[in-house]
Structures are given as structure tokens and as C-alpha cells.
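Student: the following comprises the amino acid sequence and a computationally predicted model.
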Amino acid sequence: MLTPLEIERLSEEFETKTPQEIITWAVDTFWPQIALSSSFQTQSMPLLYMASRIRRDILILFLDTGYHFWETLIFREQIASEWQLNVLDLYRDSRWDSFARRQTRALPFEDPNLCCFMHKVQPMQKAMKDMLAWISGIRRDQTSVRAQAKILELQEDGLIKINPLLNWTKDDVKRYMEEHHLPSHPLLEKGYRSIGCSPCTIAIGVNDDERAGRWSGRGKIECGLHTEMFTHKDVSEVKNDFHLDVSSVENNGK
Ligand code: SF4
């Protein structure tokens with residue numbers, strides 16, 4: 001096990017390493033208790049491509065929220081099949097089902113924090129329970145929250161988050177995709193430069209920030225996977241972030 005000091009030192013050392021070197025270190029260090037998360041959008045392609053070439057059977061987690069564009073689900077199937085990826089789809093805990101079904105259409109608009117918590121944060125927390133390390137594709141140039149991230153981040157429960165692409169820019173992504181002839185999500189050409197769930201993603205202009213189309217006009221820039229929300233494992237610890245009353249399912253989604 002690495003100490004917090006060793007993780008801090010390695011994280012600084014990795015600032016000058018390539019994503020491939022960081023992924024190779026992570027796989028060698030934590031295998032088999034390591035997984036990579038991917039939303040299977042255009043920007044996800046470099047990390048998926050690199051990691052699957054370093055270790056073909058690396059576990060890839062896809063959050064199937066039930067709100068994805070049909071194009072995303074088809075693209076995910078196509079890439080997983082062509083690249084022979086080991087993809088596991090994650091779903092919300094069934095204990096939310098009756099609550100969520102009553103609000104299916106309204107939930108992403110009325111309470112996006114709660115919607116992201118039950119469809120993204122909690123399923124990922126559950127998937128990470130038996131893991132030592134989680135590789136994510138976030139970059140510092142994406143949001144103000146991500147700008148503060150480190151390449152290695154030790155969470156309170158001992159999970160180590162690894163962000164190999166943190167120092168990449170959108171131009172690095174574009175260049176790598178061109179060099180390796182990687183496929184793009186079919187909605188990219190229609191102006192969807194960052195793609196999440198359908199109710200929370202709009203097409204944007206060429207000069208807009210890459211993530212300007214995510215939760216546009218709703219004062220939200222992160223789903224919670226890469227914020228403090230991820231460290232809260234009990235509904236009661238985060239219910240103040242929600243608009244809707246979750247008392248009927250409180251402590252029910254652990
Ligand atoms: S991105 Fe939107 S639809 Fe998807 S989980 Fe979050 S709030 Fe719900």
C-alpha cells in the first residue's frame with residue numbers, strides 16, 4: 001500500500017509523464033483491482049484506446065443512466081465490439097426505482113443533483129467498493145473544478161483516483177485522435193462537443209467552451225463523480241444538495 005506522502009510525491013512526478021506511462025504504472029501497481037470509467041463520447045476515445053492497448057481486458061465502467069442519447073448507446077456497442085473491450089454497464093440501485101419512476105421526465109430538470117447522484121455517483125461508488133484504483137479521463141482545461149485536480153488523488157476510503165490526461169488540452173485530444181484515426185461520436189458533427197445525458201446536453205457553437213452544452217443555464221458544471229459528492233456514501237449526507245424530498249428513500253440507496 002502506498003502512503004499518502006508517496007502518492008503525493010508520485011503525483012508530482014507524473015506531471016511530466018505521458019498518459020501511457022501513468023496508465024502502465026497504474027495497471028502494474030493495482031491489477032486486478034483497477035477500473036476505468038468512460039462515457040463513450042468523442043473525448044473518451046484516446047484514454048479508451050491507450051488503456052485497452054496496455055491491458056486489453058481492463059475493466060471499463062459505463063454509467064447507463066437511462067437518459068443517454070440513442071447514438072451514445074450505439075457508439076458504445078460499436079467501440080466495445082470492434083476494440084473487444086471489457087465493458088460493464090452500471091445502473092441505479094433498484095431501491096430508487098419507485099421514486100425515480102414517478103419523476104422520470106422531470107427529474108433531470110427539477111433536481112439534476114439528485115438525478116446525477118442516483119444514476120452516476122452512487123452506482124460508481126458501489127462499483128469502486130472492491131477496487132483499489134479508478135482511472136478517469138478528466139482534464140484540467142475542462143472546468144474550474146477539474147483545474148484543481150491532481151494526477152493521483154487519495155480518497156478517504158483508500159481508493160486512489162488516477163487522472164492520466166489531466167494535463168492534456170482539447171487540442172491534444174484532437175491531435176491524438178487524428179494520429180490514431182480514432183472514431184468520433186456521431187453527434188459531434190451536429191455541434192455536440194461534450195456529450196452526457198440527453199436531457200442535459202445541447203449542441204453548442206464552435207467558439208463556446210467545450211462543456212458549455214452540459215446542464216446549460218442550470219448553474220451546474222459537474223455531475224458529482226469528480227467533486228466532494230463522491231466521498232459521501234449515504235443519502236443523508238448529501239440530501240441538502242437536493243430540491244426534492246428524498247425522505248422516503250433516505251438510507252435506502254446505500
Ligand atoms: S446528466 Fe442529467 S439526466 Fe444524466 S444523471 Fe445527471 S441530471 Fe440525470
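Tutor: Looks like it arrived, so ask away.
Student: could I get the full set of strands for the stretch 101-250 of the chain?
Tutor: Assignment of strands within the stretch 101-250 of the chain using DSSP state E, counting those that start in this stretch yields the ranges 133-135, 152-154, 160-162.
Student: tabulate those (a markdown table), appending distance to the ligand, mean neighbour count and mean pLDDT.
Tutor: No exception for glycine: its C-beta is placed from N, CA and C like everyone else's. Conversion of these to a markdown table gives the following (distance: least, C-beta to the nearest ligand atom, whole Å; neighbours: other C-beta atoms under 10 Å; pLDDT from 0 to 100):
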| stretch | distance to the ligand | mean neighbour count | mean pLDDT |
| --- | --- | --- | --- |
| strand 133-135 | 18 | 24 | 98 |
| strand 152-154 | 22 | 20 | 96 |
| strand 160-162 | 20 | 22 | 97 |
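Student: would TSV of the ones you listed with distance to residue 226 be doable?
Tutor: As requested, those are exported to TSV (distance: least, C-beta to C-beta, whole Å):
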stretch	distance to residue 226
strand 133-135	11
strand 152-154	9
strand 160-162	8
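Student: mind listing what the nearest residue to residue 221 once chain neighbours are set aside touches?
Tutor: When the adjacent residues along the chain are set aside, residue 221 lies closest to residue 143, with 5.0 Å between them (C-beta to C-beta, 6 or more residues apart in numbering). In this structure, residue 143 makes contact with 211, 221-222, judged by C-beta atoms under 8 Å, 6 or more residues apart in numbering.
Student: show me which of the residues you listed is closest to residue 45.
Tutor: Using C-beta to C-beta, the shortest approach to residue 45 within the contacts of residue 143 belongs to residue 211, at 16.8 Å.
Student: pull the number of nearby residues for the closest one.
Tutor: With neighbours defined by other C-beta atoms under 10 Å, the count for residue 211 comes to 20.
Student: residue contacts, it?
Tutor: Contact criterion C-beta under 8 Å, 6+ apart gives 142-143, 193-194, 221 as the residues in contact with residue 211.
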